[in-house]
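Visitor: sequence and predicted structure below; questions after.
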Amino acid sequence: MIKVPLSNIKVPRINVVRRKRMGLPGAIPGSFLIMENAVPSKIFVFSYKTDFLEETETESVEEAFAFTDKHPDCFHWVDVRGLGSQEVLNFIQQKFGISNLVMEDIVNIHQRPKNDEHNGYSFIVSRMLELDKGLQLNNEQLSFLLFDRLLISFQEDYKDVLDPVRLRLRKNTNGNIRKLGPSYLMYALMDTVIDHYFSIINRIGDEMEMVEDHLYQKPHKYLMYRIQGVKKLMIAMRRAAWPERDKINDLMRLNSPLVNEETRLYLRDAYDHTVQIIDLIESMREASTGLLDLYLSLMSNRMNEVMKTLTIISAVFIPLTFIAGVYGMNFAYENPKTGEILRGNMPELYIENAYVYVLVLMAIIALAQIWYFARKGWFKN
Amino acid sequence: MIKVPLSNIKVPRINVVRRKRMGLPGAIPGSFLIMENAVPSKIFVFSYKTDFLEETETESVEEAFAFTDKHPDCFHWVDVRGLGSQEVLNFIQQKFGISNLVMEDIVNIHQRPKNDEHNGYSFIVSRMLELDKGLQLNNEQLSFLLFDRLLISFQEDYKDVLDPVRLRLRKNTNGNIRKLGPSYLMYALMDTVIDHYFSIINRIGDEMEMVEDHLYQKPHKYLMYRIQGVKKLMIAMRRAAWPERDKINDLMRLNSPLVNEETRLYLRDAYDHTVQIIDLIESMREASTGLLDLYLSLMSNRMNEVMKTLTIISAVFIPLTFIAGVYGMNFAYENPKTGEILRGNMPELYIENAYVYVLVLMAIIALAQIWYFARKGWFKN
Amino acid sequence: MIKVPLSNIKVPRINVVRRKRMGLPGAIPGSFLIMENAVPSKIFVFSYKTDFLEETETESVEEAFAFTDKHPDCFHWVDVRGLGSQEVLNFIQQKFGISNLVMEDIVNIHQRPKNDEHNGYSFIVSRMLELDKGLQLNNEQLSFLLFDRLLISFQEDYKDVLDPVRLRLRKNTNGNIRKLGPSYLMYALMDTVIDHYFSIINRIGDEMEMVEDHLYQKPHKYLMYRIQGVKKLMIAMRRAAWPERDKINDLMRLNSPLVNEETRLYLRDAYDHTVQIIDLIESMREASTGLLDLYLSLMSNRMNEVMKTLTIISAVFIPLTFIAGVYGMNFAYENPKTGEILRGNMPELYIENAYVYVLVLMAIIALAQIWYFARKGWFKN
Amino acid sequence: MIKVPLSNIKVPRINVVRRKRMGLPGAIPGSFLIMENAVPSKIFVFSYKTDFLEETETESVEEAFAFTDKHPDCFHWVDVRGLGSQEVLNFIQQKFGISNLVMEDIVNIHQRPKNDEHNGYSFIVSRMLELDKGLQLNNEQLSFLLFDRLLISFQEDYKDVLDPVRLRLRKNTNGNIRKLGPSYLMYALMDTVIDHYFSIINRIGDEMEMVEDHLYQKPHKYLMYRIQGVKKLMIAMRRAAWPERDKINDLMRLNSPLVNEETRLYLRDAYDHTVQIIDLIESMREASTGLLDLYLSLMSNRMNEVMKTLTIISAVFIPLTFIAGVYGMNFAYENPKTGEILRGNMPELYIENAYVYVLVLMAIIALAQIWYFARKGWFKN
Amino acid sequence: MIKVPLSNIKVPRINVVRRKRMGLPGAIPGSFLIMENAVPSKIFVFSYKTDFLEETETESVEEAFAFTDKHPDCFHWVDVRGLGSQEVLNFIQQKFGISNLVMEDIVNIHQRPKNDEHNGYSFIVSRMLELDKGLQLNNEQLSFLLFDRLLISFQEDYKDVLDPVRLRLRKNTNGNIRKLGPSYLMYALMDTVIDHYFSIINRIGDEMEMVEDHLYQKPHKYLMYRIQGVKKLMIAMRRAAWPERDKINDLMRLNSPLVNEETRLYLRDAYDHTVQIIDLIESMREASTGLLDLYLSLMSNRMNEVMKTLTIISAVFIPLTFIAGVYGMNFAYENPKTGEILRGNMPELYIENAYVYVLVLMAIIALAQIWYFARKGWFKN
Ligand SMILES: [Mg+2]
Ligand SMILES: [Mg+2]
Ligand SMILES: [Mg+2]
Ligand SMILES: [Mg+2]
Ligand SMILES: [Mg+2]
Ligand SMILES: [Mg+2]
Ligand SMILES: [Mg+2]
Ligand SMILES: [Mg+2]
Ligand SMILES: [Mg+2]
Ligand SMILES: [Mg+2]
Ligand SMILES: [Mg+2]
Ligand SMILES: [Mg+2]
Ligand SMILES: [Mg+2]
Ligand SMILES: [Mg+2]
Ligand SMILES: [Mg+2]
Ligand SMILES: [Mg+2]
Ligand SMILES: [Mg+2]
Ligand SMILES: [Mg+2]
Ligand SMILES: [Mg+2]
Ligand SMILES: [Mg+2]
Ligand SMILES: [Mg+2]
Ligand SMILES: [Mg+2]
Ligand SMILES: [Mg+2]
Ligand SMILES: [Mg+2]
Ligand SMILES: [Mg+2]
Ligand SMILES: [Mg+2]
Ligand SMILES: [Mg+2]
Ligand SMILES: [Mg+2]
Ligand SMILES: [Mg+2]
Ligand SMILES: [Mg+2]
Ligand SMILES: [Mg+2]
């Protein structure tokens, strides 16, 4: 039943990367300071319509928007990866008249998923979760500025999980992704992010089955670390999933002119997915509590077993050892000075076969105890 | 009070079949890929009205709908079992103009119970639960496309729990099932599915009584596995029952033209059932937590008993053994070199009846201890 | 402080009678099959108005309604006890045009308290709880069909808790019970049922006080069984009390013509009672959790005490026994072959008063340890 | 850090007085039977306006209302203490036309805080909590009948916490209490009752600090009894505080003509207080759970310590004792019959300094074990 | 992985300063008694507009408002630090016609965050939390009286966390803080307070990581104290954060003329922050429960290890010691009186190499046991 031997488990602990919130208390609200460890921005631009697609990659924000300006009849996706370049952010803020508070939220990467409608644009946040090989959860902020014909996305670093959408954008020339504009594109990106949540949940489900199978064999300490790790993951995922659901509901219900009717239908589907995810997360949280209970009761079971072993051995041998000790005493047969016989001083020692009788007595005591423990069921597990 | 001996319990663990969610992250939404392990579709068609019923079974979807087209004045139930045939799904999608997203949900068998109204049809999902002999819970998706005079149902495999409805359809020529059209038929199918939930709950109730009876005898490890299993079942059943209730409420309240007035009355009854089920599930969850607490406290009780046994035996015999050890020491009576008497070296050994005195002393010590432990209540359980 | 000695507790366990839900999955909804263990119906009829009362008892339903028909200007209460007579149920269904689904609910005795208004009558369910001498909870269904001038009640068996109402009906000729018609009578019956909940809660409160008092003396295993029993009772009572509250609220608020204004005032009072009951149940649930925590921590306390006893005795005597063992070794004073003195071989044995010195050493070691344990507080509880 | 030594704690348990609900099941609703242990009523009357105040005390209800009738232009407070005089209650009921159900609630002292508006008067219930010296919580019902110019209050016994209000009534001739009529007076009484809740919470806070300080020193059993007591108090206080909040909200929002505008402002303040109280109660409940967890983990810590002590001593001495036992064996040097040397029989005993070598060996074994345990960290706590 | 050695942890416990609620029960509502330990007030005044700023510091309230009166075209911030000067409070109350109840709330420093609108002014409460070096949480009340062109703030003592705002006020001559009036200034102060919550949460996050890292090494008692401390902090922070969120929502939604439109946008941002804080607090509470579970299961793990050590050593040596004891018995070879050989009395002692055989037997027994324990997995952790 067990597929993975415990020795193969290289990573004893599952972890969640913690990112500290930066920013000085009392700073001017809307002052967006580049984070210390932010990487310089790279900008990837897609300009597309049904029968046309052109891409470019640049580090200059002027170049990027010069490229989009060349295709006024196209939709555009400007994908800013890395939040370390002040000039990029400044340029975008000024060109599109973005509020200071929005710019601060883009840079301050601890936003919960949300949908804020502004004058002429919407600001939307997703959490892009990824569980790496070493069972470490990365929780990256993916924010969007949604305009009528333009989508700007912001990511913390260069890596992401969005390549399948890029592929569809390039290949699926007749699909909705080319036709339905930036709101559908944003939906497609969010949906991909959410699909990734399912992958993570699948892996954690495997993990929990593995832990349970091992637990039934032997409640090893490492297994408990893993359960603890699953719990931490679940806490982190919940924090992303619940507001994600609300955000999508918001996008679906509010009558923003930026989200077209057809996209709304798809958002309904994404909403179902977030509900499924929340459902799975809550089930797994309960299941992980169950595993912890299992671990603890198995531990107490083992302790019981250990103690029974000790008690049986001690209980059997301690009285016997006492008897042996008694007959090891040196009470004298006769007074060494006077030679007179000291009556009462261990006359048993001088009886024929007394040794055999004592051994038999010992055996009887031992058997009586073993019978007593057996009747109490101590030899059954 | 105990009917089932523990040795008769063949299955130590209760399990929930886990089905992994398939589908590539970032796939085109509404792309419905046949699952790897899906079985080829078999189609069972019923065409009926009050005084007429004809059935057929086929693997060709064209044949199936040719059959329904022969009876334009009848109601039809097209029961598709097995989701492994792309052509079947494509045919149905095209013939009835079903949305891509709906088709995806039919194939992607992890939907929660729901009721989605579309243009001209409704899409409804039920979860068909079954607890097999080996205490394994199967959780199959049963989806419906409800039209004005036609009901199409989709199941994952060929087996189901719906035969009683088929029987009523054949025999009960004058019943509502023949008269009230596909919405009533769908209700009858869902009701049968829900009745099955009660059977499962009954079995789990038996299980819990058995576990409790055994626990009071002896808190065996296997019993705890069973409690854990009950908890897992309850988590799984809850995930099905709560949205099931909401779905039926939806069907009952929304003014869909596809659900007739008389059926609504029956849905009210089904709604009551789902509420009862949720109620029972929550009670059982609490009760299973109670059983776990019972197990843990009984374990700690047994541990206490084991430790008391060890302590009493050790406490009684260790001091006695020490005394025996003292009189087993070899301090010399006289200096072997000079022959002078070494005063103070164990003169007790040379006193008449000293051995008897020591035995009496030992008995007194032992009795004092036993009296002490008895007064502390250690001999009562 | 303890009034009941534990030995007087005859019943170690508190139980809830479990009644399995019957009925075949997929049966025609509204098919009301007499349950296997249902008893034949006895019918008790009261016809009354302010200055008049006549009663009869019969097993024939025709007779019963012939009796009511004799008094067209009276109110009537037809009390059907026992649900085992198909003809009784059929007669009532046909005479008053009761829906199939209602008849099914009367027979299928697992309904939650509810109030369903129908055309010309209301169908109301109460749960009649009783805790018998042997601490067994009975949970009987009491259903009502409420008409303008007639109340029909249905019980599972012949016994009930409703005699005080019958007495008032007979004696209190000028009271509301004679004046306000069947809705007030039904209220009076429900109120009596609810008053019984308070009695049960009172008994459980006594139980919990007894358990707590005993616990503080000695955490006996039986006490934990009782706590477990209280928890089971609480789960069962909650299942009855919460929907009872909603039902009475419903009766009070909905503008049913069958419930007159004056009765509504009394329902408001009954509503208060259900809220009090729910409040008490939740408090007792918490308190029983507290008792379990108490039990567990007292157990761990006792274990600690047991282990300290063992450790002190072992720690004191084991080193002493070792010393005694050392001086019990037989290293030879001289080489038996050559007679040469073996220097270094236990010269202590041949020193004057060495035995006394060793005893003193042992005493010092023992006292040092006892002092150490005392300082650690191990002798205080 | 510890101010109170444990030995000073005279009262090991905190208790909540339980009052059983009386009344026969099925009694006529609104029949108000004097409780068995009710004390005879004493009536205290205040008649007052801004520039006038007169008081009287009597046991005759006629006298009391004769007194109020003398001052038709005054406000009146009739304070009935003790609910044991049927004639007092009857007189009031008849004089003011109070509903039977209200009279029952006055006498049946288990009402939750509530506000019931009736025709011409309001009926309001408060719970007057008091924690006596012996840490026993008393929970007295204080009910009000509020009229336009008259307030009647009912208490279970003669003692109360309302003297500060009486004092203000007498002294504060120009204050709101003289000007704003009975609704403000009732507010002032309720506010005083609520202020008392804060006192109780303060005492419990002290208690919990004391328990925590002691726990960190030594997890004594008594401390756990105290935690348990705090939990019981919290359950009781919650039951009073939550409906109290709702009641005051009700008084504040409903447009009863009996409550004047200015009093409403003060009720808003009282409402804030009830919210603060609920907040504090919930925090304390959590904190008391934390203390229990602390207790349990400290207990398990101590057990660990005890077991380590036992294990270290046993592990060190048991092997040594075995070695000593080996060299205490009596295998003969020569055959006593034949005198032939028995080779292999404990030649060590006849080696020079063998005893010293054995002692050294023992020391090495002991040190090795101590080193091993030290490295495992068993000597650190 | 561990950065901080446990020995460096100077402060074993995290604490929350508890402030007792003062005030006599039954005091006149709105009577604001200076608290015993209140410090005398110091008043800091800022008068400012876009191109102008003047500050002063005084202890005289007349002087302070004389200063503001000099600049009728400016906005003013009067910052009262210390609540111990009755005349200051009286002056303010009279000058601005503040309600008694508001004055009481300013002095009675246990208010929950709230927003109360009054005639011409608003009264707003914030909780200013600070975690000092010694891991002690201070919870200070910061209240505001907000007027059209004036903001009065009240603090308990002279220290605060608001200097960054003062700096912005002085330096940022063209910022919103100079332009948007007292509502924006109040927002800026509250925002700074809230930013401080994030700092505290960051420190607690570090703390929890440290505790977890150490736990995995060794479950020291101190670590559990720290977990307990984190829980207490979380309870305190929650009590501040939840009503803070509601308060800001209130400020944002209610159409108070005192809060201008632009400030509302910023309040929306502050609202986001409070939601994030609540989210983080709840996650940390769960995580701290996880740490406690981890601690407890690690403790039980260690106990298991300790017991296994004891059991293995005892089980191996106790039987061997028994055997040694047997051969240490003194059964006589011959009757000392008669010299006749006592057959059966330990003939083994006189067999050649019997000692060796016994040693071999002992080794076999020991190895068999070790093999048995190894097979049971007791040597693996
Ligand atoms: Mg800020
Ligand atoms: Mg922001
Ligand atoms: Mg997040
Ligand atoms: Mg990235
Ligand atoms: Mg998706
Ligand atoms: Mg996180
Ligand atoms: Mg637990
Ligand atoms: Mg997808
Ligand atoms: Mg879908
Ligand atoms: Mg499901
Ligand atoms: Mg199937
Ligand atoms: Mg059904
Ligand atoms: Mg599942
Ligand atoms: Mg059915
Ligand atoms: Mg029904
Ligand atoms: Mg029920
Ligand atoms: Mg009955
Ligand atoms: Mg009642
Ligand atoms: Mg039940
Ligand atoms: Mg009653
Ligand atoms: Mg009442
Ligand atoms: Mg009183
Ligand atoms: Mg107050
Ligand atoms: Mg209580
Ligand atoms: Mg109460
Ligand atoms: Mg717990
Ligand atoms: Mg007050
Ligand atoms: Mg106030
Ligand atoms: Mg300050
Ligand atoms: Mg901020
Ligand atoms: Mg606070």
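Guide: Done, it's in. Numbering: from 1, shown residues only, chains lettered A, B, ... in the order given. Ligands and ions are numbered 1, 2, ... in the order given.
Visitor: near ligand 2, which residues of chain A show up?
Guide: Counting by CB under 5 Å from the ion, chain A comes close to ligand 2 at A:D105. All C-beta atoms are positioned from the backbone trio N, CA, C, and that covers glycine.
Visitor: so where do the helices sit in chain A?
Guide: Here chain A has its helices, by DSSP state H, at A:61-69, A:86-96, A:100-107, A:163-171, A:176-179, A:181-217, A:221-253, A:261-326, A:354-375.
Visitor: surely A:L53 touches A:H71?
Guide: No - with contacts counted by CB atoms under 8 Å, A:L53 stays clear of A:H71, the gap being 10.0 Å.
Visitor: overlap in contacts of these two?
Guide: Common contact partners of A:L53 and A:H71 (CB atoms under 8 Å, 6 or more residues apart in numbering or on different chains): A:S47.
Visitor: which residues sit in contact with the residue of the stretch 101-250 of chain A found nearest ligand 5?
Guide: Ligand 5 sits closest to A:D191 of the stretch 101-250 of chain A, with a gap of 4.2 Å, by CB to the ion. A:D191 sits next to A:Y266, A:D269, A:A270, A:H273, B:G26, B:P29 when contact means CB under 8 Å, 6+ apart.
Visitor: please report how far the residue of the stretch 151-300 of chain A found nearest ligand 18 lies from A:Y295.
Guide: Residue of the stretch 151-300 of chain A nearest ligand 18, by CB to the ion: A:E286 (38.9 Å). Separation of A:E286 from A:Y295 (CB to CB, to the nearest Å) stands at 15 Å.
Visitor: pick the one among the contacts of A:D191 closest to ligand 29.
Guide: A:A270 (47.9 Å).
Visitor: that closest one against A:R245, yeah?
Guide: No - with contact defined as CB under 8 Å, A:A270 does not reach A:R245; the gap is 9.4 Å.
Visitor: can you tell me the closest non-neighbouring residue to A:S60?
Guide: Leaving aside its sequence neighbours, A:S60 sits nearest to A:I43 (CB to CB, 6 or more residues apart in numbering or on different chains; 7.7 Å).
Visitor: so what's the residue count around the one you found?
Guide: A:I43 has 23 neighbours, counted by other CB atoms under 10 Å in any protein chain shown.
Visitor: per-residue pLDDT, it?
Guide: Each residue has a pLDDT score; the one for A:I43 is 97.
Visitor: contacts only, for the spatially most central residue of chain A.
Guide: The centroid of chain A falls nearest to A:L233 when counting by CA atoms, centre = their mean (2.2 Å). A:L233 sits next to A:I14, A:V16, A:L131, A:L137, A:I200, A:I204 when contact means CB under 8 Å, 6+ apart.
Visitor: 7 Å instead, please
Guide: A:I14, A:V16, A:L137, A:I204 (CB atoms under 7 Å, 6 or more residues apart in numbering or on different chains).
Visitor: and stretch A:68-78, end to end?
Guide: Terminal residues of stretch A:68-78 lie 9 Å apart, using CA to CA, to the nearest Å.
Visitor: contacts for it, please.
Guide: By CB under 7 Å, 6+ apart, the residues outside stretch A:68-78 that reach it are A:43, A:45-49, A:52, A:54, A:64, A:149-152, A:181-182, A:185.
Visitor: which of those residues are buried?
Guide: Buried by 16 or more other CB atoms under 10 Å in any protein chain shown: A:I43, A:V45, A:F46, A:S47, A:Y48, A:A64, A:L150, A:L151, A:I152, A:G181, A:P182, A:L185, out of the contacts of stretch A:68-78.
Visitor: so what's the residue count around A:M35?
Guide: 16.
Visitor: any idea how far it lies from ligand 11?
Guide: For A:M35, the distance to ligand 11 (CB to the ion, to the nearest Å) stands at 54 Å.
Visitor: now do A:I318
Guide: Counting by CB to the ion, the gap from A:I318 to ligand 11 is 64 Å.
Visitor: check A:Q155 too.
Guide: 44 Å.
Visitor: which ones are touching that residue?
Guide: A:R81, A:E140, A:L142.
Visitor: are any of these buried, and which?
Guide: Counted by 16+ other CB under 10 Å, the contacts of A:Q155 give A:R81, A:E140, A:L142 as buried.
Visitor: leaving out chain neighbours, which residue sits closest to the residue of the stretch 151-300 of chain A closest to ligand 18?
Guide: The shortest distance from A:E286 to any non-neighbouring residue, by CB to CB, 6+ apart, is to B:I235 (5.3 Å).
Visitor: burial of that neighbour, as a residue count?
Guide: B:I235 has 19 nearby residues by other CB under 10 Å.
Visitor: right, and it touches A:R285 too?
Guide: No - if you go by CB atoms under 7 Å, B:I235 and A:R285 don't touch, sitting 9.8 Å apart.
Visitor: about what we covered before: neighbour-wise, which of the contacts of A:L233 leads?
Guide: A:I204 (24 neighbours).
Visitor: surely it and A:M284 touch.
Guide: Yes - contact criterion CB under 7 Å: A:I204 and A:M284 qualify, at 6.3 Å.
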